[in-house]
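S.K.: structure for this input, please:
(one chain, ligands or ions: 1)
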Amino acid sequence: MEADTTIPPMKTTIRDQDFFSTSIEPMLFEGREAELCAWLKDIGFIQRSNKCKTPSCNGHEMSWKKARIIDKYHWVCPLCKKKASIRLGSFLEDIQCSVRSAIEAILGWCEGVSVDGLQNDGKIKSSIVKRIYSQCSNVVDWYILKHPEISILGGENSVVIIDIFPDGCMTMTPHNNNYTKQVLCVADTLYMPPRIWTHILEPGESKDHSKLIPLLLSHIRPGSTLVVTPQLFPELRNAKDMAEVISIEALMALDHDDYQRSLKNLETIWASTVSVCQEIQDMSGSDGGQLLRELQWRTIFQSRIKSIFMHIVEYQAHMRS
Ligand SMILES: [Zn+2]
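M.R.: Okay, the predicted model is just below:
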């Protein structure tokens with residue numbers, strides 16, 4: 001997917017800031033590349049070992065050696081002296097910039113810095129930043145799809161809000177009906193920010209919302225309290241195993257001030273989801289779905305810097321196996 005998208009910038013959390021300032025930041029200075037590479041090797045971001053591919057070497061272990069090249073290190077076979085890049089089989093394999101610049105671009109992606117905003121003194125080309133951003137996006141998309149349990153929301157003590165963009169109660173700003181994609185949006189308010197799960201409606205589902213119910217309920221745990229958009233309330237009011245099912249319309253029974261406050265709360269809960277639902281209107285369905293899953297990842301993994309490195313490592317291990 002193209003990386004030129006605008007997920008709303010999200011500030012690094014304090015925990016993430018700690019991880020950044022103690023683990024990564026000290027290694028991003030000129031002359032600390034060796035430490036940076038050693039750390040990347042330690043966490044498995046670049047391969048921890050490498051076997052020689054020369055047939056007569058029978059897969060002999062290559063050695064990690066200092067080198068006068070941009071990466072500062074390379075692999076060398078002690079038998080045939082063949083060299084190999086430390087980037088082999090890693091996220092950085094086809095990235096044409098220094099390891100440090102690539103790591104800075106990954107950090108920029110975590111922070112939601114735009115591609116143009118990350119032109120750090122021309123040390124890295126925007127085409128390379130775009131490539132790194134889209135690789136990050138592909139990794140988190142893979143992660144979300146690989147772990148379907150994180151797309152199941154609610155449970156006892158959870159209030160789960162269910163709405164459909166753009167016709168529901170997600171924003172008080174009037175819209176112009178030019179939206180071709182409707183999006184089923186679910187938010188679990190037990191978390192801060194609320195965890196979301198979304199689904200772009202198929203044409204049949206847009207015409208007949210009852211077709212959404214089995215899929216929707218498969219993403220909500222029993223015991224949840226559901227707060228439901230008027231469009232889906234008739235279909236959900238008798239949903240089994242839920243603590244309670246309330247229509248957002250019930251909020252209208254409140255007096256005017258409370259009603260406005262409730263809508264304001266909903267608008268706050270949905271702000272970043274609405275922004276991405278607008279963003280995906282001109283995208284293909286698969287790119288739109290990917291951007292929504294990226295938003296989901298960003299709301300779940302508050303320690304984004306730590307998480308992206310862990311998930312890249314998991315992704316690479318999966319690709320190699
Ligand atoms: Zn060899």
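
S.K.: count the residues that sit near the residue in the stretch 201-321 of the chain that the ion sits nearest to.
M.R.: Taking CB to the ion as the measure, the point where the stretch 201-321 of the chain comes nearest the ion is residue 320, at 20.0 Å. In this view, the C-beta of every residue, glycine as well, is placed from N, C-alpha and C. Residue 320 is flanked by 9 other residues according to other CB atoms under 10 Å.

S.K.: can you verify my assumption that it contacts residue 90?
M.R.: No: in this structure, residue 320 sits apart from residue 90 without contact. The criterion is CB atoms under 8 Å, and the distance is 9.8 Å.

S.K.: the stretch 1-150 of the chain: helices as residue ranges?
M.R.: Listed in chain order, the helices of the stretch 1-150 of the chain (DSSP state H, counting those that start in this stretch) span 14-19, 33-43, 99-111, 126-146.

S.K.: which strands or helices does the second one pack on?
M.R.: Going back to what we said before, that points to helix 33-43. helix 99-111, helix 304-320 (3 or more CB pairs under 8 Å, 6 or more residues apart in numbering; DSSP states H and E).

S.K.: again, only this time at 7 Å
M.R.: When contacts are defined as 3 or more CB pairs under 7 Å, 6 or more residues apart in numbering; DSSP states H and E, helix 33-43 packs onto helix 99-111.

S.K.: what sits closest to residue 226 if chain neighbours are left out?
M.R.: Spatially, and ignoring its direct neighbours in sequence, residue 226 is nearest to residue 245 (4.6 Å; CB to CB, 6 or more residues apart in numbering).

S.K.: so who does the one you found touch?
M.R.: With contact taken as CB atoms under 7 Å, 6 or more residues apart in numbering, residue 245 is in contact with 226, 228, 236, 237, 239.

S.K.: isn't the third one up against residue 227?
M.R.: No: with contact taken as CB atoms under 7 Å, residue 236 and residue 227 are classed as non-touching, separated by 10.3 Å.

S.K.: if I look at residue 220, how far off is residue 283?
M.R.: Counting by CB to CB, to the nearest Å, the gap between residue 220 and residue 283 amounts to 27 Å.

S.K.: between these two, which one's more packed in?
M.R.: In this view residue 220 and residue 283 are compared by other CB under 10 Å, and residue 220 has more residues nearby, 23 against 17.

S.K.: for the more buried one, name its beta-bridge partners.
M.R.: Beta-bridge pairing for residue 220 (DSSP bridges): residue 153.
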